[in-house]
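[1] Next come a sequence and a model predicted from it.
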Amino acid sequence: MKEIVIIGGGIAGLSAGCYAKMNGYDAHIFEMHNLPGGLCTSWKRKGYTQVSVGVNMDLSSDANLSNSVYYLYELDKPIMIAGEEKKHIHIKNYAFDQTFAPKGKSTLVVAFYVESAYWEQIYQDKEKYKKEKQNVETAVISSLEQIIPGIKDKIEVIDVSTPMTLIRYINNWQGSIMGFINGLILNIPRTLPKLKNFYMVGQWVGDAGLPGAASSGREILELICKKDKKKFITSNA
Ligand SMILES: Cc1cc2nc3c(=O)[nH]c(=O)nc-3n(C[C@H](O)[C@H](O)[C@H](O)COP(=O)(O)OP(=O)(O)OC[C@H]3O[C@@H](n4cnc5c(N)ncnc54)[C@H](O)[C@@H]3O)c2cc1C
């Protein structure tokens, strides 16, 4: 049986692995992290720029907040995040899924797009990095208080993740969460010159996000099957 070695068990690597198995290849996925999933994994840890907040408040009936999209709020008092002034914050309330928080409690995520270079530089000094994460936490709490008065004293858990977090856990370039946008339209090659039987899959060569990464895994297996003159199978049924 022909072997396929896949480096990286993100959504693209897993997708390539599934289609490889379905098409009769002996697939091996090598993942550096102890969990598969890459950017769609979640980790339990102590400590992007994304701030996840667990609050002892039921925010499920809040019309603006309880939807699976980020809502944009204008702040009366702007905050500084990673050296940039932010006049707005994006909040996502996970109340659309009851498994995210115990009854009566809520999970919110506040996200900011920032330059990873800022974090990369500050990361050299662990104390500075820790302090800057603390600054982000304080700024986010004060901005949440502007939008949801009383929330400050109800926060039970809070976690700040920076681009360095993604670099540290899964070594993603510049801690980017999406890769190049419209990779397919840019026609990024999936092979490298002189490297036979080597293909690239994932968000950097596919279209943006989960669908693009997952479909890039499938497309490469379709191509390998075509090269091997095999019928491409897309279901176990
Ligand atoms: C907070 C956040 C929110 C997002 N929201 C959305 C959204 O709403 N919609 C959407 O479509 N997309 C979203 N995305 C983007 C989406 O999750 C990614 O584009 C997608 O998961 C990328 O998958 P991938 O397999 O290409 O790469 P990755 O997930 O980066 O997987 C690569 C894997 O390779 C491993 N690896 C790296 N180097 C090595 C090595 N040397 N040896 C072995 N293994 C290695 C890594 O550990 C990782 O598991 C979001 C991402 C984040 C972080």
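    Cool, the structure landed. Residues are numbered from 1 along each chain as shown.
[2] Relative to residue 80, how far out is residue 103?
    According to C-beta to C-beta, to the nearest Å, residue 103 and residue 80 sit 36 Å apart. All C-beta spots, glycine's among them, are computed from the backbone N, C-alpha and C.
[3] More neighbours: which of the two?
    Higher neighbour count among residue 103 and residue 80: residue 80, with 11 against 7, using other C-beta atoms under 10 Å.
[4] residue contacts, the more buried one?
    Each residue near residue 80 by C-beta atoms under 8 Å, 6 or more residues apart in numbering is listed here: 86, 135, 139.
[5] quick one: which of those residues sit in strands?
    Per DSSP state E, strands hold the following members of the contacts of residue 80: residue 86.
[6] Out of the contacts of residue 80, flag the one nearest to residue 212.
    Closest approach between these and residue 212, by C-beta to C-beta: residue 86, at 28.1 Å.
[7] which non-adjacent residue is nearest that closest one?
    residue 79 (5.4 Å; C-beta to C-beta, 6 or more residues apart in numbering).
[8] count of residues packed around the one you found?
    21.
[9] now residue 22
    Per other C-beta under 10 Å, the neighbour tally for residue 22 reads 17.
[10] just to revisit the earlier point, shouldn't the residue nearest to residue 86 be within a strand?
    Yes. Counting by DSSP: H, G, I helix; E, B strand; the rest coil, residue 79 falls inside a strand.
[11] what's the longest helix anywhere in the chain packed up against?
    Secondary structure of the chain per DSSP state H: the longest helix is helix 126-147. In terms of contacts (3 or more C-beta pairs under 8 Å, 6 or more residues apart in numbering; DSSP states H and E), helix 126-147 is packed against strand 50-55, strand 71-81, strand 84-93, strand 106-111, helix 116-122, strand 155-161.
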